[in-house]
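*Asks:* Pasting the sequence and the predicted model now:
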Amino acid sequence: MRIGIIGLPNSGKTTLFNALTGGQVPTATHGGSAFELHTAVAFVPDARVDILTNMYHPKKTIPARVEYADIAGLSGASSDGKQNVSIGGELINAIANNDALLHVVRVFKDDTVPHPLETLNPARDIATLDAELVFSDLTKIENRLARLEASLKKGKLISTFADDQKEFEILSKLKPQVDQGLPIRNVELTADEEKRLRGFQFLSSKPVLVVLNLGDDGDTPTLDYPHQKSMVTSARGRLEMDIAQLDSAEDKAMFMAEYNLAELSTSRLIRQSYDLLGKMVFFTVGEDEVRAWEVNRQASALECAGAIHSDLARGFIRAEVVAYDDLIATGSHSAAKAHGKVRLEGKTYSVQDGDILNIRFNV
Ligand SMILES: Nc1nc2c(ncn2[C@@H]2O[C@H](COP(=O)(O)OP(=O)(O)OP(=O)(O)O)[C@@H](O)[C@H]2O)c(=O)[nH]1
Ligand SMILES: [Mg+2]
């Protein structure tokens, strides 16, 4: 799972990226709009993984991971009162290359940090960036439609006639809506339409987690963001980055107590990204390894087997399944078995978040 961090210059993208990944990328007050990309991986905090590790004492523990990309270079400048829409190709690709977006919005007040649009106005900032994403998609749609039209007319097909025709129809249906500024993620599409559009990697089709960067002590403003596949949440960017960069757990706890933080928003943000993308985890356990595997919610036992290794899917016989809560309540795998809590399930079993799986297979 890869999440792209976007936002106007100086909104706190790099700050939040460092907070999420424990990174040390320098933050700046220049608010420059030069393209820059940093990526790093964060482990998904999950108390269940820690508890399973204490139970099995494995040689290694592998938590679920999320990759974050800090994408700088989006400008929101408006010199002539009009929006300056200038997302270049490099930037479009960097944003397109993610499963979801984390949109950082400046809420913190700080006179030493210039705002690219001069005044503090979170709703306007969100709309400005969203408009840029939608505009980039509109350009792509128009170019493709022109090409499809030419190909259908001249009979020089891009794909097959039926596919070109179908694509033309979908894009024609999409265009007027996008033209009016509607993000593609708000448009209702059939499964087939969605599949046909996937290759375009439209920026405004991606799920978005809007993160209001509050500063050290600001309140969370109420913000209406009535869009599909999106959530609004908040974080104390700089504070959390400072905490993430502390070495010892004791220092972190002290710092958090001082600022009255029960939980770092970074853990919450990672969980919310999971929900937004419809992901869940299942576990495999043993003396060698305790591991969390990320799959789509409603994944079948067969799909989960395949996530571990294609051989396990190919030679799938049965999945031995115990729910996490049952394992913890009974105290051990053998006790769970004695209590009838270990089930044998077939290929189509719909795996639940936290299930512990042991795939029986034969290749
Ligand atoms: N007061 C305050 N300043 C913050 C906070 N978060 C970020 N900043 C400051 O805002 C400035 C910009 O932060 P960055 O994280 O570099 O912002 P950015 O979005 O990555 O900026 P660009 O990469 O230039 O687009 C830095 O000086 C940060 O220290 C915050 O919560 N409170
Ligand atoms: Mg930055």
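*Replies:* Okay, I see it. Ligands and ions are numbered 1, 2, ... in the order given.

*Asks:* ok, now how distant is residue 244 from ligand 1?
*Replies:* Applying C-beta to the nearest ligand atom, to the nearest Å, the value for residue 244 to ligand 1 is 13 Å. Every C-beta, even on glycine, is put in place using the N, C-alpha and C of the backbone.

*Asks:* and stretch 341-354, how far out from the chain's middle?
*Replies:* Centre-to-centre, stretch 341-354 and its host chain are 26 Å apart (C-alpha atoms, centre = their mean, to the nearest Å).

*Asks:* Return the distance of residue 150 relative to residue 136.
*Replies:* In this structure, residue 150 lies at 22 Å from residue 136, with C-beta to C-beta, to the nearest Å as the measure.

*Asks:* neighbour-wise, which of these two wins?
*Replies:* Counted by other C-beta atoms under 10 Å, residue 150 and residue 136 do not tie: residue 136 has more neighbours, with 22 against 11.

*Asks:* thought residue 5 was touching residue 72?
*Replies:* No: here residue 5 does not reach residue 72: they are 9.1 Å apart, not a contact under C-beta atoms under 8 Å.

*Asks:* Give me the more crowded residue out of those two.
*Replies:* Of the pair residue 5 and residue 72, residue 5 is the one with more neighbours under other C-beta under 10 Å, namely 27 against 23.

*Asks:* give the contact list for that one.
*Replies:* For residue 5, the set of contacting residues under the criterion of C-beta atoms under 8 Å, 6 or more residues apart in numbering consists of 13, 16, 17, 68, 69, 70, 71, 101, 102, 104.

*Asks:* Looking at those, which one is closest to ligand 1?
*Replies:* Closest to ligand 1 out of the contacts of residue 5 is residue 13 (3.5 Å), distances taken as C-beta to the nearest ligand atom.

*Asks:* so how far is residue 169 from the closest one?
*Replies:* Remark: distance between residue 13 and residue 169 (C-beta to C-beta) = 38 Å.

*Asks:* the more surrounded of those two?
*Replies:* The neighbour count for residue 13 versus residue 169, taken as other C-beta under 10 Å, is higher for residue 13 (31 against 13).

*Asks:* quick one: buried residues of stretch 225-233?
*Replies:* For stretch 225-233, the neighbour count (16 or more other C-beta atoms under 10 Å) marks 227, 229, 230, 231, 232 as buried.

*Asks:* Any chance of the residues you listed in CSV with pLDDT and distance to ligand 1 as columns?
*Replies:* Compiled in CSV, the buried residues of stretch 225-233 are given as follows (pLDDT from 0 to 100; distance: C-beta to the nearest ligand atom, whole Å):
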residue, pLDDT, distance to ligand 1
227, 86, 22
229, 91, 23
230, 93, 20
231, 93, 20
232, 93, 17
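
*Asks:* Please list all residues in contact with the nearest residue to residue 235 once chain neighbours are set aside.
*Replies:* The spatially closest residue to residue 235, leaving aside those adjacent along the chain, is residue 265, at 3.9 Å (C-beta to C-beta, 6 or more residues apart in numbering). Contacts here follow C-beta under 8 Å, 6+ apart; on that basis residue 265 touches 233, 234, 235, 236, 240.

*Asks:* Of the residues you listed, which is the most crowded?
*Replies:* Scoring those on neighbours with other C-beta under 10 Å, the highest-scoring entry is residue 235 at 27 neighbours.

*Asks:* So what does that one have for phi and psi?
*Replies:* The phi and psi values for residue 235, taken as degrees, to the nearest 10, are phi -150, psi 160.

*Asks:* Low-confidence regions, the stretch 51-200 of the chain specifically.
*Replies:* For the stretch 51-200 of the chain, the stretches flagged by pLDDT under 70 are 76-87.

*Asks:* repeat that with 50
*Replies:* Regions of the stretch 51-200 of the chain meeting the criterion pLDDT under 50 cover residues 78-83, 85.
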